[in-house]
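Visitor: Sequence first, predicted coordinates after that:
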Amino acid sequence: MNKKYPWSANPGRKYFEILLAENDGHVLKRNGRYPAISFGSREKKALQTGIEKLPNGPIQLLLFHILVRTESPPTELHIKTPLLAGRGEKVPISFRIMRDLESLNLITGLAQMQMVTYDIKKVLDSLPLPPDYTLINIDRFLNQYWSVKDKEGWELDSNEYLRDLILSETELTDAFRSLLEGALSNKSRSDISLHYHLPFSPSVLTSEFRRSSEIALMKQNALLESDNYEDAETLSNVLSRTVNTSIKVGVVLPVELQAIPPILPEDD
């Protein structure tokens with residue numbers, strides 16, 4: 001990891017920019033632009049004070065680690081959403097999200113996969129006892145504390161910088177294990193979907209059943225060619241169960257996979 005951590009690779013950079021603009025005496029407005037006057041000990045102290053106000057947890061921990069190694073901010077700060085709390089919120093809903101680790105893991109991971117807020121909310125709504133976060137609540141959290149969308153300046157190398165930082169500190173690794181095993185992993189999109197318990201679309205479900213059936217069929221044929229009838233019979237049973245399950249859930253497999261003959265030859 002570079003000695004200085006890139007400003008653009010900080011998911012909470014917009015929160016940092018709000019704190020810096022306020023520290024310079026600006027009255028913040030929506031979609032406002034403000035010059036970054038300097039970045040010395042006074043500014044870093046303002047950031048530290050702001051991070052200390054966040055709930056204890058993964059986000060606060062990550063931002064503390066970023067603060068001690070971050071590079072300077074851009075010369076102009078563009079702040080789309082300056083208010084940390086919505087109307088009527090005594091405590092920002094974003095703070096509730098930070099304390100709700102199940103929702104936090106889902107929101108950060110799915111946002112990292114570039115999922116839009118509407119779809120993230122649908123996933124949250126599918127949970128048992130779903131949290132009552134609105135689209136605006138989730139959007140505000142993502143904009144200020146987990147700004148990782150490509151269109152918001154998250155650069156190509158930002159994932160690598162973030163992963164390397166999380167892996168460099170044991171406490172960060174423990175706090176963000178779900179992210180490391182999900183969106184920041186090298187797993188396939190299917191495996192990442194399983195990690196976040198996302199339902200497959202009908203087309204993906206059909207494709208997955210077909211893929212598992214074809215793998216079992218190829219392995220079964222290889223065993224037959226080596227006269228290993230016992231293990232081939234085991235795979236035949238696996239294949240039969242896969243086909244039967246797919247039919248029960250409405251997946252239609254090719255005709256040749258729907259009738260699996262017995263493997264062991266009949267006794268003379």
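Guide: Right, received. Where do you want to start?
Visitor: where does the protein have low pLDDT?
Guide: 1-2, 200-209, 212, 239, 242-268 (pLDDT under 70).
Visitor: now the strands: where do they sit in it?
Guide: 32-35, 76-79 (DSSP state E).
Visitor: for the last one, packing partners?
Guide: This means strand 76-79. helix 13-23, strand 32-35 (3 or more CB pairs under 8 Å, 6 or more residues apart in numbering; DSSP states H and E). For the C-beta atoms, the positions are set from N, CA and C on the backbone; glycine is no exception.
Visitor: strand partners of that strand, parallel vs antiparallel please.
Guide: The pairing partners recorded for strand 76-79 under DSSP bridges are strand 32-35 (antiparallel).
Visitor: who's in contact with the strand it pairs with?
Guide: By CB atoms under 8 Å, 6 or more residues apart in numbering, the residues outside strand 32-35 that reach it are 21, 24, 26, 28, 75-79, 82.
Visitor: Let me know the closest of those to Glu225.
Guide: Nearest to Glu225 among the contacts of strand 32-35, counting by CB to CB, is His78 at 64.3 Å.
Visitor: what residue lies at the spatial centre of the chain?
Guide: By CA atoms, centre = their mean, the chain has its centre lying nearest to Gly109, at 1.1 Å.
Visitor: Tell me who's in contact with that one.
Guide: By CB under 8 Å, 6+ apart, the residues touching Gly109 are 178-179, 182-183, 195-196.
Visitor: one step back: tell me the most buried of the strands of the chain?
Guide: Most buried of the strands of the chain by mean neighbour count (mean count of other CB atoms under 10 Å) is strand 76-79; its value is a mean of 16.
Visitor: what sits up against that one?
Guide: Taking CB under 8 Å, 6+ apart as the rule, strand 76-79 contacts 14, 17-18, 20-21, 28, 31-36.
Visitor: what distance separates that strand from the centre of its chain?
Guide: Its chain's average C-alpha position is 26 Å from that of strand 76-79, according to CA atoms, centre = their mean, to the nearest Å.
Visitor: would JSON lines of the contacts of Gly109 with neighbour count be doable?
Guide: Formatted as JSON lines, the contacts of Gly109 follow (neighbours: other CB atoms under 10 Å):
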{"residue": "Ser178", "neighbour count": "19"}
{"residue": "Leu179", "neighbour count": "20"}
{"residue": "Gly182", "neighbour count": "23"}
{"residue": "Ala183", "neighbour count": "23"}
{"residue": "His195", "neighbour count": "17"}
{"residue": "Tyr196", "neighbour count": "16"}
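Visitor: Make CSV from those and add distance to Ile97 to it.
Guide: Output for the contacts of Gly109, formatted as CSV (distance: CB to CB, whole Å):
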residue, distance to Ile97
Ser178, 14
Leu179, 15
Gly182, 17
Ala183, 17
His195, 20
Tyr196, 16
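Visitor: and which of those residues is nearest Glu225?
Guide: Of the contacts of Gly109, the one sitting nearest to Glu225 (CB to CB) turns out to be His195, at 36.2 Å.
Visitor: got the contact list for the closest one?
Guide: Neighbouring residues of His195 by CB under 8 Å, 6+ apart: 109, 178, 181-182, 185, 187.
Visitor: And the strands of the chain: which comes nearest Arg210?
Guide: Of all those, it is strand 76-79 that lies closest to Arg210, at 47.4 Å by CB to CB.
Visitor: Quick check: Asp24 touching Phe39?
Guide: No: assessed by CB atoms under 8 Å, Asp24 is found out of contact with Phe39, at 10.8 Å.
Visitor: Share the number of residues neighbouring Asp191, please.
Guide: 12 (other CB atoms under 10 Å).
Visitor: My error: substitute Met218 in the last question.
Guide: 11.
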